[in-house]
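Novice: Quick one: sequence plus predicted model below, questions after.
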Amino acid sequence: MKYLPLIFRNVMRNKIRTLFTGASIAVSLFLVVTLHSLLASQDEIMERTKVHDRVAVLHEAGLAGRIPIAYVDRIRKVPGVVCATPMSWFGGNYREEKVQFPQFATDPKEIFNVYEEYTIPADQLKAWQADKSGCVVGSVIARNKGWNVGDKIALQGNIYPVNVEFVVRGIYDGPSTANKEWLLFNFEYLDDKLKKENHEARAGNAGIIMLRAASADAIPAVMQTIENSFASSDAPVKPMTEQQFAQSFTEMMGNVRGFIRYTSMAVVAALLCVAANTMAMSLRERTREIALLKAIGFSQSTVLGLFLSEAVLIGLLGGVLGALGGKLLFASVDLSKVAPGLGLFFIPWKTALGGLALSAAIGFFSGVVPSWRAARMSVVSGLRKVV
Amino acid sequence: MAGLYSRAIPARRQIFTASYRDGLLAVHQSPSRKLAAVVPIKYNIRSVFARKVGSLMTIFGVGMVVWASIFAFGLSAGLDKTLKVAADPLDVIVMRKGSTSESVSAVSDEVANIVKELPGIATDREGRKLAASELVIFGYLPRRGKTTKVNVTVRGVVPVSRDLRESLHIVEGRDFKPGLREAIVSRTMSERFEGLGLGDEFVLRGGSFRVVGIFEAGGGAVESEIWTDQTVLAQLVDRTGAMSSMQLRAASKTDQEKLIERIKNDEQIDLNALTEEQYFKEQADQSSLMKIVGGMIAFFLTIGAMFSVANTMYGTIASRAREIGTLRALGFGRTSVLSAFLLESLVLCLLGAVLGCLGALALGDLRTGTMNAATFSEIVFAFDFGPKILLKGAMLAILMGLIGGFMPALRAVRMKVVDSLREV
């Protein structure tokens, strides 16, 4: 501890060098931490929503399959199921926008029971339930598109051959894990519309069925019962927990995890070289000084410790700036405005602290060889050396 | 080897010749020839190698950054290229109005027959119209070694479909026989998916299909598809009276415009038509997230590397103060010293760029698959490590060298000659 001022002075002796090394580590770590968070924030959201015991029921043929709407009632009767709702992806185009936002045809009476942590004012919910051509939207998308209660939203069918128009009856909110970028509307509205416009063959598709089980323990039995009871029907289904369901989406993106890992590894290797180089340079300049330290009685291990701490400190400087600064940055800006779908993005503590540890490790390993050399250097030749 | 570098120097200055040998700068007073104030390039290149470990570390660091950037660029460029290669400039895709991808579209047979009779459609040698109604559905298969399944595109085709994709040819096995549950798959799909090996069977909407042939199609979106007989597929999914979309080829560019116009505006038809190029361009636009991520990686890494290049150069310059002083004393001007050190940092970075490019090329023909954001189905593509992408990576390195080297080089010229000569 008593060496702390000395270490600190050493860190600050060449301010530009320390600053640049720190900045280099900070910028690169910021990148690594951000990339990892793209995946980790999804994982963490899923981890946190686990308490809600939800199960998604999909067609065996995946999202493209049809689940008859009658299945919803049958699933509600399965022991252990508290409530269930259809969630049929409408996939309409809004105005001339290229990127779609999620729109689901659902059951207004049940959807907020299934998503129990989502909140909506009681009068707005009632108004929506009373108006078949009404919809509710998430608070984030409402803010980004400038929608208010009473506004009209027209969507052009893409998957379905009908165009729809809704009146916004409410705006829902929820905890940080809630997806606040949905538009929810009445399933019956879509069904009626399809039948009226002679597309009866397309009507009655529940899309997926989302249900909430009584408890986590009930989930395996519920999934088993559902899978078995529809196994020999026209539309066999595959139930999966909400977490598995979300994972299947990440999986679809392909080997993204692998690529992020390769890139991160390259970045860390590059950083290690760079930091080691700086450390070596800075110790080379101090050859005489180090010899002097040893001449007046500092032991090898103390010298080694001194310089290793210096390297770790520089690494940490970058880590604090890059990893913690990144966390702060993403916590204070709202990404959903620039990139729809990224509204839930944040840097989890685990990743930020992992980044910090990584920066310390980079500092440590970059200092090993130069410090070891410095500690082992013979005093006589060191003192004699002209740098 | 002692090199002599001599050109005009301002006459009022003392005239020397500088020679550089084995890391030592030697100065000779030369006869009355006029010298130029250009520091020999060899001096910088040799300086880079005089500090082997330090330079190597920097080169390696820059190389890694260039490699990672090329990797990121190559990913998004590869995806883009796959979606572009598919397009024959005269091809037109016909879909239901409002549909953005074939799999969600529907075109009734009735209307399809009207479209096929429109003027301006190209014909093949036997006089057949180059227009095909095709059925596109999603299969749901696991990638090799994975348990979760993803959507894959299955296309039910008719004989004319082949004429519309001349590049498709079977490289292994045979073609499927009409009326049988047989399929041909692309080589890439066959390698990536469970049950798609030659001779394997896979389940599609409750029916079992046998893979009888492997095809290649010169890259492009077709290489992400499974092809089978249209009648068999329609029966399986119980589709009658309508297929998904139409593929047709116009006889000429003007015919193409007229055809598209007609299909869009004719009340009897009332469908959406767009060139294949446009169709894939819109899909590529939807995959822009990859581009953003790739750009972000390159941007941050380049900035990070700039700092470290600056550090290295500061280090070299500090330890070579005497040398710099000597150069200045010899009469090399500020500009030439500045450019000499900028050059040195460029040399460092370009060596790194070479390393990074070689590293990327060493990956070879790297293929992967991801979800096509427009269709929600798997698209397989090869990374693009073409000259353009490598050049982009090298440009980043040049940027690092110039910006990272500038401040240190400035310091080199600002040093007082007297002080730096005195330095030990």
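Specialist: Arrived safely, thanks for sending.
Novice: For the stretch 1-150 of chain A, what lies in contact range of chain B?
Specialist: A:16-17, A:20-21, A:23-25, A:27-28, A:30-31, A:34-35, A:38, A:60-65, A:91, A:93, A:98-99 (CB under 8 Å from any CB of the partner chain). C-beta here means a position set from N, CA and C on the backbone, and glycine is covered the same way.
Novice: Write a ChimeraX command that selects only the buried members of those.
Specialist: Buried members of the residues of the stretch 1-150 of chain A next to chain B can be picked out in ChimeraX with the line below, counting by 16 or more other CB atoms under 10 Å in any protein chain shown:
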select /A:17,20,21,23,24,25,27,28,30,31,34,35,38,60,61,62,63,64,65,91,93
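Novice: next one: phi and psi at residue 184?
Specialist: Defaulting to chain A. Geometry field for A:Leu184 lists phi and psi as phi -110, psi 130, criterion degrees, to the nearest 10.
Novice: that answer is for a different chain, and I need it for chain B
Specialist: phi -120, psi 140.
Novice: mind checking pLDDT for the residue lying closest to it once chain neighbours are set aside?
Specialist: Sequence neighbours aside, B:Gly213 is the residue nearest to B:Ile184 in space, at 3.9 Å (criterion: CB to CB, 6 or more residues apart in numbering or on different chains). pLDDT recorded at B:Gly213 is 95.
Novice: How many neighbouring residues does B:Gly213 have?
Specialist: B:Gly213 has 18 neighbours, counted by other CB atoms under 10 Å in any protein chain shown.
Novice: Which secondary structure elements does the host helix or strand of it sit against?
Specialist: Taking DSSP states H and E as the criterion, B:Gly213 maps to strand B:207-216. Judged by 3 or more CB pairs under 8 Å, 6 or more residues apart in numbering or on different chains; DSSP states H and E, the packing partners of strand B:207-216 are strand B:169-173, strand B:182-186, helix B:187-192, strand B:201-204.
Novice: Isn't A:Phe112 up against A:Tyr118?
Specialist: Yes - with contacts counted by CB atoms under 8 Å, A:Phe112 reaches A:Tyr118, the gap being 5.7 Å.
Novice: Need the residues touching each of the two.
Specialist: Shared contacts of A:Phe112 and A:Tyr118 (CB atoms under 8 Å, 6 or more residues apart in numbering or on different chains): A:Tyr172.
Novice: just to revisit the earlier point, for B:Ala340, see how far away the residue nearest to B:Ile184 is.
Specialist: 63 Å (CB to CB, to the nearest Å).
Novice: picking that back up, neighbour count for A:Phe112 and A:Tyr118, which is higher?
Specialist: With neighbours defined as other CB under 10 Å, A:Phe112 and A:Tyr118 compare such that A:Phe112 has more, 24 against 20.
Novice: which residues touch the more buried one?
Specialist: A:118, A:120, A:125, A:172.
Novice: In a helix, it, correct?
Specialist: Yes - counting by DSSP: H, G, I helix; E, B strand; the rest coil, one finds A:Phe112 located in a helix.
Novice: got a pLDDT number for it?
Specialist: The predicted local confidence for A:Phe112 is 95.
Novice: do the helix or strand bottoming out on mean pLDDT in chain A and chain B meet?
Specialist: Least confident helix or strand of chain A, by mean pLDDT, DSSP states H and E, is helix A:242-252 with a mean of 80. Yes - using CB under 8 Å from any CB, helix A:242-252 comes into contact with chain B via A:244, A:247-248, A:251-252.
Novice: host element of A:Lys98?
Specialist: With DSSP H and E as the test, A:Lys98 turns up in no helix or strand.
Novice: Isn't it up against B:Gln283?
Specialist: No - contact criterion CB under 8 Å: A:Lys98 and B:Gln283 do not qualify, at 10.6 Å.
Novice: number of nearby residues for the closest residue to B:Phe381 other than its chain neighbours?
Specialist: Nearest non-adjacent residue to B:Phe381, counting by CB to CB, 6+ apart: B:Thr82, 3.9 Å away. Per other CB under 10 Å, the neighbour tally for B:Thr82 reads 23.
Novice: Same question for B:Ala373.
Specialist: When neighbours are defined as other CB under 10 Å, B:Ala373 has 19 of them.
Novice: ok so, going back, could you give the backbone dihedrals for the residue nearest to B:Phe381?
Specialist: B:Thr82 adopts backbone torsions of phi -60, psi -40, taken as degrees, to the nearest 10.
Novice: top of the residues of helix A:242-252 next to chain B by neighbour count?
Specialist: A:Met252 (22 neighbours).
Novice: circling back: which residues touch the strand holding B:Gly213?
Specialist: Here strand B:207-216 makes contact (CB under 8 Å, 6+ apart) with B:168-177, B:181-187, B:190, B:195-203, B:223, B:227-228, B:236.
Novice: Report the buried members of these.
Specialist: Looking at the contacts of strand B:207-216 with 16+ other CB under 10 Å, the buried ones turn out to be B:168, B:173, B:176, B:181-187, B:190, B:195-196, B:198, B:202, B:223, B:227-228, B:236.
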